[in-house]
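J.: model the following, please.
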Amino acid sequence: YAQQQLVCEACGCVLAEGLLTTTYTDEGQLREVSYSQSTGQREQQSRCLQRGIRRVQDLCKVLQLPAVFEETAVSYFRRALQLPAFHLVSLEKKELLGGCCVFVTCRQHNWPLTMGTVCSLLYAKQELFAGVFQSLQQELGLSVPALSLADLVKTHLGSFRLLQRGADVPAPFAEDKEKLVARTLQVVELASETWLVTGRHPVPIVTAAAFLAWQSLQPPGRLSCTLGRFCKLAGVDLPPPAYLRLKELLEILLRMASQLAWLRVFRLDKKTVVKHVGELLQHRVFLLKKAFCEQGEEEEEEEKEQGAAAPGEGSAGCLPAGQTEQEQEQEQGCSSRGKRRGEAARRPLLPPCLTKPRKRLRTAAPSASDSALGGDDPISDSEIEQYLRGAEEIRALQQLKAW
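T.: Numbers count the residues shown, from 1 in each chain. The predicted model follows:
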């Protein structure tokens, strides 16, 4: 039943009434202040801080992080709440702020943790989480290293239900974790060496590589399984670009298989080449050099083909004995198709943005100064010395030509 009044302890005189909130410094001066500067606002901020610290600690316990990580994440959260940029944000963003602090701490200590994992634990959208993460990184000036692809493979495959033998996973589809991780890492390294990783989202590549590795370990019972069913059995989402990454990986494997002598006998396609993934990865360096030859070797082969075809051009009017024009046209068509296939097989190794460009490059419009210049413009006297060679330059040029 107490009332908030200032009373003199000596005589009991009521000095002020209705003073609901005051700060500690103004309380002795008997001055009323606004609520945002009062002790009530400070208490509310402290409650928000305590709630956020508990959320950070709970998240660290769920992820089983060391105690050092928890202390670092809590210190980042304290520093972030002291900044004005995070005072007037929504409650949802303040809850995501704790997850961002844990995410930053794990990245700085090279702990494999993805943004999708944190968002699934916090039931948050990745777009909103990414915005809070960028704000935290800019306000605190933090340097966050990127997650390596090998760590991402281990983290992503660690959540697969196929690696955990249970009642909901058929026995032929279950696989040993160490074998699948090792084979998937080799496929991802192959994708990195063939320009399939550069500029792409890593999760579809890891998903396609894991599917190929999983099929290659036991091909007889798994070749009929599709990528969608594989993701459903593994308990992970299927990213739509994974189909394209799978198609590109199979094309690379087919081109590598065409260089092995004992595999040329078989007519391999995109399904049967999976059976020989282990052999192809074992000789990866040699096969990549052979499958993706350099441009100079291609030009030499084309010159030899043109030289061999040149003598027959003069006798194009006469047909061989017993051969009609229709048969000759069929042979020419087959030879042209075979030549196109050979050119595709000898195509040099280039990034996908050059082999299959999506958009045409826009050429910049010439400026007024560039359009004013031409090849017949006179050279001024001040610039003419740049075009004249001296005696030493002439002597050096003659020695270079002689050498």
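J.: what residues does the helix or strand hosting Ala80 touch?
T.: Per DSSP states H and E: Ala80 is located in helix 67-81. For helix 67-81, contacts defined as C-beta atoms under 8 Å, 6 or more residues apart in numbering pick out 45, 48-49, 52-53, 56-57, 60, 86-87, 97-98, 101-102, 104-106, 108-109, 111, 136, 139-140, 142. (Each C-beta comes from the backbone N, C-alpha and C, glycine too.)
J.: which among the residues you listed count as buried?
T.: 49, 52-53, 56-57, 60, 86, 97-98, 101-102, 104-106, 111, 136, 142 (16 or more other C-beta atoms under 10 Å).
J.: low pLDDT regions in the stretch 251-400 of the chain?
T.: Within the stretch 251-400 of the chain, the stretches with pLDDT under 70 are 292-354, 356-377, 382, 385-386.
J.: quick one: Lys61 from Lys94, how far?
T.: 20 Å (C-beta to C-beta, to the nearest Å).
J.: Val181 now?
T.: For Val181, the distance to Lys94 (C-beta to C-beta) stands at 37 Å.
J.: now do Phe230 against Val274, distance only.
T.: In terms of C-beta to C-beta, Phe230 sits 12 Å off from Val274.
J.: kindly report the domain assignment for this structure.
T.: Listed by the TED database, the domain ranges of the chain are 6-39, 47-140, 149-295.
J.: now those domains as TSV including distance to Ala402?
T.: TSV is the format used below for the domains of the chain (distance: least, C-beta to C-beta, whole Å):
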stretch	distance to Ala402
domain 6-39	86
domain 47-140	58
domain 149-295	31
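J.: lowest-confidence stretch among the ones you listed?
T.: When the domains of the chain are compared by mean pLDDT, domain 6-39 comes last with a mean of 61.
J.: how close does Arg395 sit to Lys401?
T.: 11 Å.
J.: more neighbours: which of the two?
T.: Arg395 (11 against 7; other C-beta atoms under 10 Å).
J.: a helix runs through that one, doesn't it?
T.: Yes - assignment of Arg395 by DSSP: H, G, I helix; E, B strand; the rest coil places it within a helix.
J.: count of neighbours near Phe69?
T.: Using other C-beta under 10 Å, Phe69 has 19 neighbouring residues.
J.: try the one 4 residues further on
T.: Taking other C-beta under 10 Å as the neighbour definition, Ala73 ends up with a count of 25.
J.: check the one 5 residues further on too.
T.: Using other C-beta under 10 Å, Arg78 has 14 other residues around it.
J.: same deal with Arg255?
T.: Arg255 has 21 nearby residues by other C-beta under 10 Å.
J.: who has more neighbours out of Lys61 and Lys94?
T.: Lys94 (20 against 10).
J.: next SSE downstream of the strand or helix carrying the more buried one?
T.: Here Lys94, judged by DSSP H and E, is contained in helix 91-108. For helix 91-108, the following helix or strand on the C-terminal side (DSSP H and E) is helix 115-122.
J.: which neighbouring elements make contact with that next one?
T.: Judged by 3 or more C-beta pairs under 8 Å, 6 or more residues apart in numbering; DSSP states H and E, the packing partners of helix 115-122 are helix 39-62, helix 91-108, helix 126-140.
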